[in-house]
Every structure is written in structure tokens, then in C-alpha cells.
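Got a predicted structure here, sequence first:
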Amino acid sequence: MDTSPAVAGTPDAARRRSFARLRNWSRLTGGGPDGNEQITTITGVILLVLLAAVGATIVFIGQLLWLHLFLGLLVMGPVVLKMTSTGYRFVRYYTGDAAYRRKGAPEIVLRLIGPIVVVTTLVVFVSGVVLLFVGPADRGQLVLIHKVSFIVWLAFTALHVLGHLPRIPATLRSVRRPTPELPGVGTGVAGRWLSIAGALVGGLVLAVVLIPDFSIWTAHTALLHHHHH
């Protein structure tokens, strides 16, 4: 057997370079269904914490409107990531990917709830962003849409979380015990953490950039508070 190194420019060297590029790329994108479940679960837990904080600001919306607006924008990064990872699993499963087929689909109830969660999520956040820009003077029915969609979203999201709750501890434990890397196939751990960090940073940047737009709402709230006293 010839064990001499491949000469640069030969077909064998080109194949090795191509294999190395695929291996490096799979370090970011690998992981398969288990990796997808991990990023979806971790992002879901982060969302639970952030959304609980958003909910807490509603109780004291007069004093904490600025924080409500900030957290509402911050959470958009993880929301987009969660919808992307869930949508990716959906596409891979229904296009017949063998690994995702073996993993199986979510419970039927969760599949039925899923579209409602997606639609109400979009309505809640789109209406919130539109409200931020139009200001209190032109809010019209937008506030009602935002409030009603939030209530519906909260109810169905709670059901969604409860449905996934039994699997969350096992999935989080598996994050600490990543699947051993197979030859030529990366685990995708780096890619998952980069995606999560990127979602949080993206949401944070969006929130910070739009802080100047909070003023019209905070001034309106302060004025109402002054009249009440």
C-alpha cells in the first residue's frame, strides 16, 4: 500500500481538502436530530426566563414600560432562533430525512398547538414593534390586538411548554455529554452555542439601537401618571 502523502494538485489531495472542509463545516452544523433538540430546548429555557421577566413588567407597566419595551425587543432574537430550529426539524421530518424520521415527530397535540403558537408569536411581536414606531397618539386598535394576541399566545405557549417539560431535564443533561464525534462528522456543539449567543446579541443590539424610540411612550406614560395625581 502506498502511504506517501498526496501531492498538492492531485485528485487525492483535492478529495482530502474537500473532506477537511466538510469536516470543519460539520463541526458547526452537525448534531442531527439530537443537536436540533438541544438548541431548541436551550433556547426555550432562555425564552421562559426572558418572557417571565416581560410578564412581570406588565404588572407595573406604568413604572416599567421602558423595561417592557427593552425586554420585548431583546427576546426577539431567541424567538427567531426557536422558530428557525423548530421549522428546520419540521422540514427535515416531512421531507423524509431518515435520521429525523427515526427521531419521530412531536406528540399530535404539540403539532396542533405549534401553528397557533407561531401565528400568535408573530402577531404579538409585530404589533408590539409597530406600536413602538407609531406612538401612543396613533395606536388605535393596535393596543387591543397586542393585548389579546398576548393572552392567546400565553395560554397556548404554556400548553406547549408543559408538553415539552418531561423531556427538558434529559435534553439539558445531554448537552453536558455531547455525542462523540464520528470520523468526518462533527457534533455541531460550537455551532449551537454560536447560534444561541448570536440570537441573544442580535436581540440586545436591536433593543439598544431602538432605545431612543422609547421616549415617546415613556413621556406619554409619565404624563398620564402626573394627571392621575
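Looks like it arrived, so ask away.

in the chain, what spans have low per-residue confidence?
1-30, 176-187, 220-229 (pLDDT under 70).

Helices of that one, start to end?
Taking DSSP state H to define them, one finds helices in the chain at 11-29, 32-59, 61-74, 76-94, 98-103, 108-134, 142-164, 168-176, 189-209, 215-228.

could you dump those to TSV with mean neighbour count?
For glycine as for every other residue, the C-beta is placed from the backbone atoms N, C-alpha and C. Formatted as TSV, the helices of the chain follow (neighbours: other CB atoms under 10 Å):
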stretch	mean neighbour count
helix 11-29	13
helix 32-59	18
helix 61-74	18
helix 76-94	18
helix 98-103	13
helix 108-134	16
helix 142-164	16
helix 168-176	12
helix 189-209	16
helix 215-228	12
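
ok, now how distant is the spatially closest residue to residue 188 that is not a sequence neighbour from residue 105?
Closest residue to residue 188 apart from its sequence neighbours, by CB to CB, 6 or more residues apart in numbering: residue 31 at 3.3 Å. Residue 31 is 19 Å from residue 105, where distance means CB to CB, to the nearest Å.

Those two: which has the busier surroundings?
Taking other CB atoms under 10 Å, residue 31 and residue 105 do not tie; residue 31 has more neighbours (22 against 13).

any idea how far that one is from residue 191?
Taking CB to CB as the measure, residue 31 falls 8 Å from residue 191.
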